[in-house]
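Engineer: Structural data only, the sequence is not supplied:
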């Protein structure tokens, strides 16, 4: 009973306090628990099941594009981290250091990997000798650590789970293709699996990854108008290869440096799912990654034949869909709230009257639409509902992204929009880091998100300094 | 060409130098690479693919027995590790300590998890309130760190990958059942998936896990007569629950401590696969976890029709089996050696004469048996071969285990067997730790492996001290 009460308790309204609403959901949908280590989270079964579904879908896409999984050590000796100058400068301030192993003080500190470029390079230096050894298309699923001062479950944690692809190529062209191919894999995955639209493009010099020549990014828009860096794909040129002395004999028999990429997405995506799709009743999960796709709730289940029929429906659906039959003694009303909080896409209600009439009730989580379904059409109705839900969730997220995308042609307009209208601002930029820094300071945190692949001509001059514009940039605050 | 040469180079003979033979295989079959961090290994694509297959098979078995996956932080604050006395004493000497995060010296050291009992308990204390919350059946796939002085790929590494199940139960009986259930899952998995027989039983007080009431173990026998602790399952009683103040309201409305288990297997299993099944030509992989189950090698592939036919066979097999068609320009002989080294269970050869005669050649890796197969029967022949290979590998491993199991009734016989006949020694024991220590010292490392579930009556007295015997023990050296 105590349990029941806890679950039907309302959560903070999304429009009232987005931040508390978010925290309420991660807690009440039982996605995470806080741990005794600051900034580290326990990912509970329901949260982890979402991650497992994400992993399965992404891993299949990585393998379909020719990648293989490997596992690198979790420790990086300080000297190895220091081999690439920009890289160490970017990461050293935020790593955890192991200084003691058992009873011995280590002669060299080891950092817990914040990312694994250096480890991959050390290995590649040993196994790449000839153009015949290329490309190397490796990926790794693991946890990484970045010592964060302010943390929030999924969005920014000192330890998080992710995948990091690290590839080596014979030519710059191939490596650049790979960088964009994997960005596209992310974009497709966000759209087709998570039902999340996003802006994609290139990071500015200031915002790119430590050690990269170019960083590409996918930037979905949260419901409250704050952006999220949803995944990145980097082209490294041969900078790391030179620092790590990775060389191969080319087709022309000369020694050459290979060209490198890396790309990654993390458990942060679960934060995006919550903030793009969730509502005042809790999670709304994209059908393709929902741990439970269909929940069957028997009505008046003590009446003869109800549970039998519910089980029959379960038997019909459970081979095709992740299906749950809740025959616990909690009330139907409690169950409705519970599975709404957990974001289960489709609910099937079946009671004595329904059975009499050879039907059941199908309820969509996203818009609460109820449909009466003839029992013989159940499989078909569920299939259609899951597809419709995905499409409607995508459309609604796209509408939010479009509505929260503004244009600013003047400095004043930019500052006004930044102050009053949370979302993306499309505006022109001269290409100077100074202007990015000024805008960030004036607006309390609006940064360049990316230069889109297809730039619009919004004005002739930089929205900050008024000098001739070189790029169109998407700007916005981020998590 | 350099590559070709490297691959056909012979490895050390197994009977000549087992240890070098092992190291040669892990290197030449491209399972691992050494890394710059002592005792940490790079698991290369072929090695990791074996691990992925192991994970998939085991994970399905864990889920079928009602378990859910979660993820706990990788760090344990020193004060948390210290909460259970026996546990901290067992692990503190072999953990890696993080003392610095970014630029700050930490006020409390964090250890990188050597195992996660303490983290699970901290979480369970928060979420277990009533008997209705029990059982909690959680599992975690992750990496753990134990600072080892001497290391060997897969067998003993400072970092390794594993799964750790941690469960909480209402009663002692249920927890004890779970402990044995999961040991049985391991035993079935070893037999049915890895084709490895093993002795199973209970660890002595001296050998049990730090903090456990009872530890059960599965002990396969390597080809050279050395045993391996292949997996353990622990019953904890309510010791941790008391230390961590985990209490629930029972059915009778009183506050009670739940009963706990944990169980784990690791990448060490890959070491067991190598040492149980491998031979002088390299790996011999159990068909169920082999990354490639069937390799098709075209003969005289430049001749018209050969590659087309090879592709046709690939098309027929690849939906059902992990199949590879090697149409590279390496010679067939090189390819044969290569896939023998990699332990691929079935090779299919197809050349112009075979095509003419509507047949192909099927070669088994385990015993090199060649069969001429009519092309129309290929699917059937492959299915049968894979099953036969599994069965034959199991039978051969069982024969080795049985042949290397000796009986000793007297102290002298024990020492003589320990010195001259590597393997298990079945002998009686009085139950005193002093005798275990004495035997270990006298034999240079023979330890009690386990007390089997069904004990044999071998003699009346302890093989060491001559006092009345209480148990029959399997003894042996271990990796």
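Structural biologist: Sure, I can see it. Computed from a prediction, not measured in an experiment: that's the story for all the values here.
Engineer: where does the stretch 1-150 of chain A dip in pLDDT?
Structural biologist: Within the stretch 1-150 of chain A, the stretches with pLDDT under 70 are A:1-9.
Engineer: again, 90 this time
Structural biologist: Along the stretch 1-150 of chain A, the parts satisfying pLDDT under 90 run over A:1-10, A:36-39, A:84-93, A:102-104, A:148-150.
Engineer: got the residue ranges for the helices in it?
Structural biologist: For the stretch 1-150 of chain A, helices defined by DSSP state H, counting those that start in this stretch occupy the ranges A:2-8, A:18-28, A:45-64, A:78-81, A:85-91, A:117-127.
Engineer: Show me the contact partners of the shortest one.
Structural biologist: Right, the one you point to is helix A:78-81. Outside helix A:78-81, the residues that touch it by CB atoms under 8 Å, 6 or more residues apart in numbering or on different chains are A:87-88, A:91-92, A:95, A:97, A:108-111, A:118-119, A:122, B:36. All C-beta atoms are positioned from the backbone trio N, CA, C, and that covers glycine.
Engineer: 6 Å instead?
Structural biologist: Under the criterion CB atoms under 6 Å, 6 or more residues apart in numbering or on different chains, residues A:88, A:108, A:109, A:111, A:118, B:36 lie in contact with helix A:78-81.
Engineer: What residues sit buried inside that helix?
Structural biologist: Across helix A:78-81, burial judged by 16 or more other CB atoms under 10 Å in any protein chain shown covers A:80, A:81.
Engineer: Could you find the closest non-adjacent residue to residue A:301?
Structural biologist: residue A:307 (5.4 Å; CB to CB, 6 or more residues apart in numbering or on different chains).
Engineer: How about the contacts made by that neighbour?
Structural biologist: Residue A:307 sits next to A:298, A:301, A:327 when contact means CB under 6 Å, 6+ apart.
Engineer: do the same with residue A:26
Structural biologist: Neighbouring residues of residue A:26 by CB under 6 Å, 6+ apart: A:32, A:153.
Engineer: rerun that using 7 Å as the cut-off
Structural biologist: The neighbours of residue A:26, taking CB atoms under 7 Å, 6 or more residues apart in numbering or on different chains as the test, are A:32, A:153, A:154, A:274.
Engineer: sorry, back to before: let me see the mean pLDDT of the helix or strand in which the residue nearest to residue A:301 is found.
Structural biologist: According to DSSP states H and E, residue A:307 maps onto helix A:306-317. Mean pLDDT, computed over helix A:306-317, is 98.
Engineer: For the closest residue to chain B within the stretch 201-350 of chain A, which non-adjacent residue is closest in space?
Structural biologist: Chain B sits closest to residue A:267 of the stretch 201-350 of chain A, with a gap of 8.7 Å, by CB to the nearest CB. The shortest distance from residue A:267 to any non-neighbouring residue, by CB to CB, 6+ apart, is to residue A:161 (4.7 Å).
Engineer: how many neighbours does the one you found have?
Structural biologist: 21 (other CB atoms under 10 Å in any protein chain shown).
Engineer: Return the set of residues that bridge with it.
Structural biologist: On the basis of DSSP bridges, residue A:161 is bridged to residue A:143.
Engineer: so it touches residue A:266, yeah?
Structural biologist: Yes - taking contacts as CB atoms under 7 Å, residue A:161 lies within contact range of residue A:266: 6.4 Å.
Engineer: Under a three-state scheme, what state does the residue of chain A most remote from its centre occupy?
Structural biologist: For chain A, the C-alpha farthest from the mean C-alpha position belongs to residue A:304; by CA atoms, centre = their mean, that distance is 46.0 Å. At residue A:304 the chain is in coil, as set by DSSP: H, G, I helix; E, B strand; the rest coil.
Engineer: so what's it up against?
Structural biologist: Residues counted as contacts of residue A:304 (CB under 7 Å, 6+ apart): none.
Engineer: Mind doing that once more with 10 Å?
Structural biologist: Contact criterion CB atoms under 10 Å, 6 or more residues apart in numbering or on different chains gives A:352, A:355 as the residues in contact with residue A:304.
Engineer: Dihedrals phi and psi, it?
Structural biologist: Per-residue torsions, residue A:304: phi -60, psi 130 (degrees, to the nearest 10).
Engineer: Could you measure from it over to residue A:62?
Structural biologist: Distance of residue A:304 to residue A:62, given as CB to CB, to the nearest Å: 51 Å.
Engineer: I'd like the mean pLDDT over whichever strand or helix holds residue A:353, please.
Structural biologist: Secondary structure assignment for residue A:353, by DSSP H and E: helix A:352-356. Mean pLDDT, helix A:352-356: 97.
Engineer: Name the surrounding residues that touch it.
Structural biologist: Here helix A:352-356 makes contact (CB under 10 Å, 6+ apart) with A:298-301, A:303-306, A:308-310, A:348, A:359-361, A:372-373, A:375.
Engineer: again with stretch A:13-22
Structural biologist: A:11-12, A:23-25, A:152-155, A:222-226, A:271, A:274-275, A:278-282, A:422, A:479.
Engineer: Selection in PyMOL covering whichever of those are buried, please.
Structural biologist: Remark: buried members of the contacts of stretch A:13-22, expressed as a PyMOL selection using 16+ other CB under 10 Å:
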select buried, chain A and resi 11+12+23+24+25+152+153+154+155+222+223+224+225+226+271+274+275+278+279+281+282+422+479
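Engineer: who touches whichever residue of the stretch 351-479 of chain A sits closest to chain B in this structure?
Structural biologist: Nearest to chain B in the stretch 351-479 of chain A, going by CB to the nearest CB, is residue A:479, at a distance of 20.1 Å. Counting by CB under 10 Å, 6+ apart, residue A:479 makes contact with A:22, A:152, A:154-156, A:222, A:224, A:226-230, A:268, A:271-272, A:275.
Engineer: So for residue A:161 and residue A:266, which residues contact both of them?
Structural biologist: Shared contacts of residue A:161 and residue A:266, defined by CB under 10 Å, 6+ apart, are found at A:51, A:54, A:143, A:144, A:154.
Engineer: Name the member of those with the most neighbours.
Structural biologist: Neighbour tally across the shared contacts of residue A:161 and residue A:266 (other CB under 10 Å): the maximum, 27 neighbours, falls on residue A:154.
Engineer: remind me, longest helix of chain A?
Structural biologist: Across chain A, the longest stretch assigned as helix under DSSP state H is helix A:378-403.
Engineer: got the angle for it vs helix A:306-317?
Structural biologist: Helix A:378-403 runs at 70 degrees relative to helix A:306-317, counting by axes from the mean of the first three to the mean of the last three CA atoms, to 10 degrees.
Engineer: Flag every buried residue along helix A:378-403.
Structural biologist: Across helix A:378-403, burial judged by 16+ other CB under 10 Å covers A:378, A:381-382, A:385-386, A:388-390, A:393-394, A:396-398, A:400-401.
Engineer: Distance from stretch A:427-444 to the middle of the chain?
Structural biologist: In terms of CA atoms, centre = their mean, to the nearest Å, the centre of stretch A:427-444 is found 26 Å from the chain centre.
Engineer: Filter the contacts of helix A:78-81 down to the buried ones.
Structural biologist: Using 16+ other CB under 10 Å, the buried ones in those are A:88, A:109, A:111, A:118, B:36.
Engineer: Looking at these, which one is closest to residue A:181?
Structural biologist: Of all the buried ones among the contacts of helix A:78-81, residue A:181 sits closest to residue A:118, with 23.7 Å by CB to CB.
Engineer: can you tell me which residues contact that closest one?
Structural biologist: Residues near residue A:118 by CB under 10 Å, 6+ apart: A:72, A:76-77, A:79-84, A:87-88, A:91, A:111, A:211, A:240, A:243-244, B:36.
Engineer: Spell out which parts of the stretch 201-350 of chain A neighbour chain B.
Structural biologist: A:249, A:267, A:291, A:328 (CB under 10 Å from any CB of the partner chain).
Engineer: so who does the third one touch?
Structural biologist: Going back to what we said before, that points to residue A:291. Contacts of residue A:291 by CB under 10 Å, 6+ apart are A:45-53, A:285, A:322, A:324, A:342-344, B:68.
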